[in-house]
Each structure stands twice: as C-alpha cells, then as structure tokens.
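1. here is a sequence with its predicted model. Questions after.
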Protein chains: 2
Amino acid sequence: MSLTHLQSFVAVAEEGHVGRAARRLHLTQPPLSRHILALEDELGTRLFERTPRGMRLLPAGETLLCHARRILADVDTAVRTVRNLSTRERSTHPES
Amino acid sequence: MSLTHLQSFVAVAEEGHVGRAARRLHLTQPPLSRHILALEDELGTRLFERTPRGMRLLPAGETLLCHARRILADVDTAVRTVRNLSTRERSTHPES
DNA sequence: GGCGTCCAATGCTGTCTCGGCATGGCTCGG
DNA sequence: CCGAGCCATGCCGAGACAGCATTGGACGCC
C-alpha cells in the first residue's frame, strides 16, 4: 500500500477508465492497471467491476475512495504546513 | 513522500536514535538515515537536531509527527475497514 | 591530550521494483 | 465477421533501494 497506489485508485475511480486516468496522471495504462490489481490483492477484494465500457466502483471501492481522499488530503496538508512553518521561521530569523 | 518514509520518521522520532529505530523496523541504519534526509530535503527544512546522543525533534519535526501519526492511523483504518467489509460480504453471500 | 566509544552520514554494489512497449483476450456495434 | 475500444499480461531496461563497509565528528575516560 503506497500513496502512489492510492492516487492511482482515486484517479481511476473518478475517471471510470484506466486509460483516461493514466493520461491524467502522466502515466501509461499498464502500470496503472497493475496498481489497481495490487490494491485489490492486498485488500483481498475486488474494488471495481470491469465492464466493456470501463471500470465501475464496487461497494468496497466506494469505502476505500472516502478513506483514500482523506489520506491524500492529509498528506497534502502536512507537506504544506511544514513547508510554511519553515519559510516563516526563515524570515523571522534572517540568518544565524 | 511515501508511507515508508513517514513510518521511518515516526520510529526515529519516538526512539530518538536512528539505530534503535532501524532495529524496530527490521531495517539497517543507513537506509533509515537516508529516509530522514529525503524527507528533510523534500520539505525544505531540518526535522531533527543531530546531537552526539542521537536525534532530537525540531519544531518542524513535532508538527510533522502529529500529521504523520494521523496519516498512518488513517491508512491502517482504511485497510482494516475494507478488509472487514469484504469478509462480511463473503459470509453473507456464501457463493454466487 | 590521546584513545576508545557511540552516533549519523556517505560510497558503493547487487538486487528488485516499476514504468513503458507490445500484445492478448474479451465485448460490442456495424 | 470485422474493427474498435477496453483492461490484463509478458517482457525488458532504467532507476530505486537495502545492506555492507567506512568515514567523520563529539564525548568520556584514563
């Protein structure tokens, strides 16, 4: 389970297509497809239903989607917060 | 920024020593040391003060520690939740 | 003051991961 | 049927990463 996998999962869930999600993430379809398979393997359940038109979320996928969004948002917040902290610190104490 | 790096960071923060944290994570000291350096590089600020006795958290590190714990806990919850979902589902519908 | 100790950082190497290319299998519409 | 569109898979090369060995610096002890 990696943040990259979660990002891939969210993108596929939102696009409904592995190929489109791949374009959005500046990736190609095969690795993205493998990210989803890896997640499903790790969680022991299917997250998407494969249709000839694309990917449709299953209940387990819906659940994961909520958690994944929250996790990714938290990571983003953490990075931003620490970054801001350091720049403020730097301008408060110009140099030692 | 990866979950592995965050785990390493939390372990070092709690142990106060890279070496001890490494043992706790079943890893060796060099890669763990590099995880911390990578985080510091990515965030653009020092997270620890290096003392001859080990590593002491700096303010930016304290901040990150809170976020990191929460993120890791969320990931754990997400995995557990989806796993439980799937096993319940499986026992409700014995087979299709 | 020199020496052994304890710590993190770094150079290096083998392995393993991972992304991209090419292709296969499946379903549907004409 | 045939062609198009979708995801899955086999394969390969580049890059990432862990571990080993070593360096470098700071203390404490004699």
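-> Nice, thanks for sending it over. All of these numbers come straight from a predicted model, not from anything done at the bench. Numbering: from 1, shown residues only, chains lettered A, B, ... in the order given.
2. tell me if the lengthiest helix in chain A is near chain B.
-> Criterion DSSP state H: the longest helix present in chain A is helix A:59-92. Yes - using Cβ under 8 Å from any Cβ of the partner chain, we find that helix A:59-92 touches chain B at A:59-60, A:63-64, A:67-68, A:70-71, A:74-75, A:77-79, A:81-83, A:85-87, A:89. C-betas here are computed from N, CA, C, even on glycine.
3. near DNA strand D, which residues of chain A?
-> A:17-19, A:29-30, A:33-34, A:36-37, A:50, A:52-55 (Cβ under 7 Å from any atom of the strand).
4. repeat the analysis, applying 6 Å as the threshold.
-> A:17-19, A:29-30, A:33-34, A:36-37, A:50, A:52, A:54-55 (Cβ under 6 Å from any atom of the strand).
5. give the buried residues for the longest helix of chain A.
-> By neighbour count on 16 or more other Cβ atoms under 10 Å in any protein chain shown, the buried set for helix A:59-92 is A:60-61, A:63-65, A:67-68, A:71-72, A:74-75, A:78-79, A:81-82, A:85-86.
6. can you report how many residues lie near A:R56?
-> 12 (other Cβ atoms under 10 Å in any protein chain shown).
7. so it makes contact with A:R46?
-> No - using Cβ atoms under 8 Å, A:R56 makes no contact with A:R46, being 10.9 Å away.
8. chain neighbours aside, what residue packs nearest to A:L72?
-> Closest residue to A:L72 apart from its sequence neighbours, by Cβ to Cβ, 6 or more residues apart in numbering or on different chains: A:L6 at 6.1 Å.
9. which SSE is that neighbour in?
-> Element membership of A:L6, judged by DSSP states H and E, is helix A:3-15.
10. kindly report the same for A:E49.
-> Using DSSP H and E, A:E49 falls in strand A:48-51.
11. check which element follows that strand along the chain.
-> Scanning forward in sequence from strand A:48-51 by DSSP H and E, the next helix or strand is strand A:54-57.
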